[in-house]
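Asks: Everything below, folded, please.
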Amino acid sequence: MQIKIVVLFAMTFATIIGLVGCGPKLIDPPDNSGRATTVKVGRTENGLLYEFGVVAVRYDEATQQETDLTDGIPSAAVNDFFIKRGYTPKVKGLIIDYEVISFSSDVDPYPMLEKIRNIPGVVEIDLHVFHKTSELLFAASLDYSEAEEHSDVPSVGRAIVEVGRMKDGALYELGVVLIQYDEMRATEATATKAVNNFLVRKGYAPKTINSFSDFVVIDVGKSVDTTPMLRDIEAIPGVISARLNLLHTTLEVLRGESDVPGMSLF
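Replies: Numbers count the residues shown, from 1 in each chain. Next up, the predicted model:
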């Protein structure tokens, strides 16, 4: 199974998702007093965000046998590739039989993919993508047949974009807020209008990106930091919670480190 199936999972829903309990849930985020800064991440042609300074590499059988996939050091040839360019590569973990290799915190790995792919012993090379909380929740709300209907991924063009970074290091999508409303439909309708009016008064033109279960994903505006408005939105009657759209790498999701508990990509 190639890693592309795994890393595209949250967008293409190519595999079944496992969720503990009934219905999508969220783990309460740590208390962060505002955004600390912004950082740059990559965006693929299909709109997937990916981590800078990290790649996922799969070796041929001979190289796998020669390489200790758990000792924190890539294969000799891959290790040498990065060292010659002034980096100190380190294996962060495994995704199936792919090594997730970290080599720098601020370098776009996209331009070097082809060169790494041509290293002897390398069979495949991929980016280490992020999965948004909204995508994981949406996938968890679908059954397998419904997931297949949402497998098309639009083309948006490759780019380098900024995302928010909390003081604890958590990354989140700018310009988006994830709102959970009261399950009572009448209350939800009232709350939805109140949230929309609140954002309009702030000078924004809110647009609903998606809705599922009792969650609504709202586009507030490009590059808008939604952190300062969360508490005000949560104070609106009928709103259960207002959340940032956190970003989780594939490795973090596999380790159960996302804010959606019980997630499984297999």
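Asks: worst-scoring helix or strand of this structure, pLDDT-wise?
Replies: helix 9-12 (a mean of 38; mean pLDDT, DSSP states H and E).
Asks: Each with direction, which strands does the helix or strand following that one pair with?
Replies: Counting by DSSP states H and E, the next helix or strand C-terminal to helix 9-12 is strand 35-43. In the sheet, strand 35-43 lines up against strand 49-59 (antiparallel), strand 159-166 (antiparallel) (DSSP bridges).
Asks: okay if I get those strands as CSV plus mean neighbour count, distance to Arg201 and mean pLDDT?
Replies: Using the backbone N, CA and C atoms, a C-beta is placed for each residue, glycine as well. Formatted as CSV, the strands paired with strand 35-43 follow (neighbours: other C-beta atoms under 10 Å; distance: least, C-beta to C-beta, whole Å; pLDDT from 0 to 100):
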stretch, mean neighbour count, distance to Arg201, mean pLDDT
strand 49-59, 22, 30, 96
strand 159-166, 16, 23, 95
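Asks: could I get these as JSON lines with distance to Ser211?
Replies: Listed next are the strands paired with strand 35-43 as JSON lines, based on distance: least, C-beta to C-beta, whole Å:
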{"stretch": "strand 49-59", "distance to Ser211": "22"}
{"stretch": "strand 159-166", "distance to Ser211": "23"}
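Asks: which stretch among the ones you listed comes nearest Gln65?
Replies: strand 49-59 (9.0 Å; C-beta to C-beta).
Asks: gap between the helix or strand just after the closest one and the chain center?
Replies: Next along the chain after strand 49-59, taking DSSP H and E as the criterion, comes helix 61-66. Between the centre of helix 61-66 and the centre of its chain there are 31 Å (C-alpha atoms, centre = their mean, to the nearest Å).
Asks: Show me the contact partners of helix 61-66.
Replies: Ser75, Ala76, Ala77, Asp97, Pro120, Gly121, Val122 (C-beta atoms under 8 Å, 6 or more residues apart in numbering).
Asks: Kindly reformat those as JSON lines containing pLDDT, secondary structure and neighbour count.
Replies: Shown next, in JSON lines, are the contacts of helix 61-66 (pLDDT from 0 to 100; DSSP: H, G, I helix; E, B strand; the rest coil; neighbours: other C-beta atoms under 10 Å):
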{"residue": "Ser75", "pLDDT": "94", "secondary structure": "coil", "neighbour count": "24"}
{"residue": "Ala76", "pLDDT": "94", "secondary structure": "helix", "neighbour count": "13"}
{"residue": "Ala77", "pLDDT": "96", "secondary structure": "helix", "neighbour count": "16"}
{"residue": "Asp97", "pLDDT": "86", "secondary structure": "coil", "neighbour count": "15"}
{"residue": "Pro120", "pLDDT": "96", "secondary structure": "coil", "neighbour count": "12"}
{"residue": "Gly121", "pLDDT": "96", "secondary structure": "coil", "neighbour count": "18"}
{"residue": "Val122", "pLDDT": "97", "secondary structure": "strand", "neighbour count": "20"}
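Asks: Closest to Val216 out of these?
Replies: Scanning those for proximity to Val216, where the rule is C-beta to C-beta, the winner is Asp97, at 38.8 Å.
Asks: That closest one against Asp60, yeah?
Replies: No: Asp97 lies out of contact with Asp60 (C-beta atoms under 8 Å); the separation is 10.7 Å.
Asks: of all the contacts of helix 61-66, which comes closest to Asp232?
Replies: Asp97 (47.4 Å).
Asks: ok, now which ones touch the closest one?
Replies: Arg58, Tyr59, Gln64, Leu69.
Asks: sorry, back to before: for Asp106, find the nearest of the strands paired with strand 35-43.
Replies: strand 49-59 (5.8 Å).
Asks: Assign His248 to helix, strand or coil.
Replies: With DSSP: H, G, I helix; E, B strand; the rest coil as the basis, His248 sits in strand.
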